[in-house]
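Trainee: Any chance you can model this:
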Amino acid sequence: MSEVLSQSEIDALLNALSEGDEEVAKSNTPQKVRAYDFRRPNKFSKGHLISLSNIYEHFARSLASYLSGNIHMVVDAKVLSSEQLTFDEFLRSLPYPSILGVVNMQPLVGSALIEMAPTLAYIIIECLLGGQGKGVVLRNHDLTEIEQKIITSRMLKITELMEEAWTETFSLTPQLTALETNPQFAQIVAPNEMVVLITLEVNVSESTGLLNICLPYVVIKPILDNLDALYLFASAEEKLSDEDAAVVRKRIEQTEVSVRAFVGGTKISVQEFLALELGDVIPLNQHIQGMMSVYVGKYLKFMAVPGLSGDRLAVQIVDVIRDGGGDTHGQ
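Mentor: Have a look, this model is predicted:
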């Protein structure tokens, strides 16, 4: 309940005002003023930011899986932060050259930006061209034509992964419409418009790069209610039903994984390699009666012996590696 002033306090205030004593008037007047910056209004609630973080956590897992298979390296990705700022602040934080994918957010009106840090781009290019992605040297110039084709192809896939990440919230069909290197050519909204920036950290082997997703408020405003619903659903922490668990299990069981039997290895000199001819035999360090390692993905899971199945080469599983399984020698 608000405080009720007595008649004497009211008279004192009126006298102070009539006599020009502003300090007395201020000290007796309840202060309920909250600072508000009209140049940078907060348009995204905490629930919106949490929902977007959850969406892009799913996106980060899909991105890590895709890049791991694409560049044949161990990749990990996670959401570092989600914050709101003006579009001008975002653009001024970008270096030149940058790698910016302009994404049309159909059926919403407008576009979003995917900013791939040059560090991450050069790591991907280095791995695809046969390197290990270590000690990448940044170059202060635009991408070459070959590098642009490599990055554009990956940006197209990243756009598809965005569509998958939004499936449970809203049916988006984002499309990559342009790849820019100059931030000034990526003016998708007015400079003072608010945007939400989701920053992902992508670790490739021993190197790290960032991926930023810039979503303007004016673009995703029509689906903010969906984000509120997602936040409320996530905060409810409902237990997974038996039917939902069965659906998840079925999807996992239908997932395709690579299975490889490691026959063995050896070392030869370059001279011996160059002298190889048709019919030559290369001895391996694997004994003919020894067991072979079988890898599921990058993990050692089985031991097997070689043989035939009909007229085809095959292996017979004789042991299951239940503990550990972290050996990636087969990579």
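
Trainee: Look at Val219 and give its secondary structure.
Mentor: Three-state call for Val219 (DSSP: H, G, I helix; E, B strand; the rest coil): helix.

Trainee: so what's it closest to, chain neighbours aside?
Mentor: Distance criterion Cβ to Cβ, 6 or more residues apart in numbering; nearest residue to Val219, sequence neighbours excluded, is Gly110 at 3.7 Å. C-beta here means a position set from N, CA and C on the backbone, and glycine is covered the same way.

Trainee: Quick check: that neighbour touching Tyr217?
Mentor: No. Under the criterion of Cβ atoms under 8 Å, Gly110 makes no contact with Tyr217, lying 9.9 Å away.

Trainee: For Leu161, the count of nearby residues, please.
Mentor: Look at Leu161: counted by other Cβ atoms under 10 Å, it has 18 neighbours.

Trainee: Use 327 as the first number from now on
Mentor: In the new count, where the first residue is 327, that last one comes out as Leu487.

Trainee: quick one: secondary structure of it?
Mentor: Applying three-state DSSP: Leu487 is helix.

Trainee: And for Glu415?
Mentor: helix.

Trainee: any idea how far it lies from Glu441?
Mentor: Distance from Glu415 to Glu441, counting by Cβ to Cβ, to the nearest Å: 13 Å.

Trainee: Next: Pro542.
Mentor: On the measure of Cβ to Cβ, Pro542 and Glu441 end up 14 Å apart.

Trainee: what's the answer for Asp568, then?
Mentor: Separation of Asp568 from Glu441 (Cβ to Cβ): 43 Å.

Trainee: which one of the two has more residues nearby?
Mentor: Between Asp568 and Glu441, counting by other Cβ under 10 Å, Glu441 is the more crowded of the two (24 against 8).

Trainee: Check which helix or strand that one maps to.
Mentor: According to DSSP states H and E, Glu441 maps onto strand 437-442.

Trainee: Give me the contact list for that strand.
Mentor: Outside strand 437-442, the residues that touch it by Cβ atoms under 8 Å, 6 or more residues apart in numbering are 420, 424-431, 477, 481, 484-485, 488, 500, 503, 512, 514, 535, 537-542, 545.

Trainee: Drop anything exposed from the residues you listed.
Mentor: Those of these that meet the buried threshold are 420, 424-431, 477, 481, 484-485, 488, 500, 512, 514, 535, 537-542, 545, by 16 or more other Cβ atoms under 10 Å.
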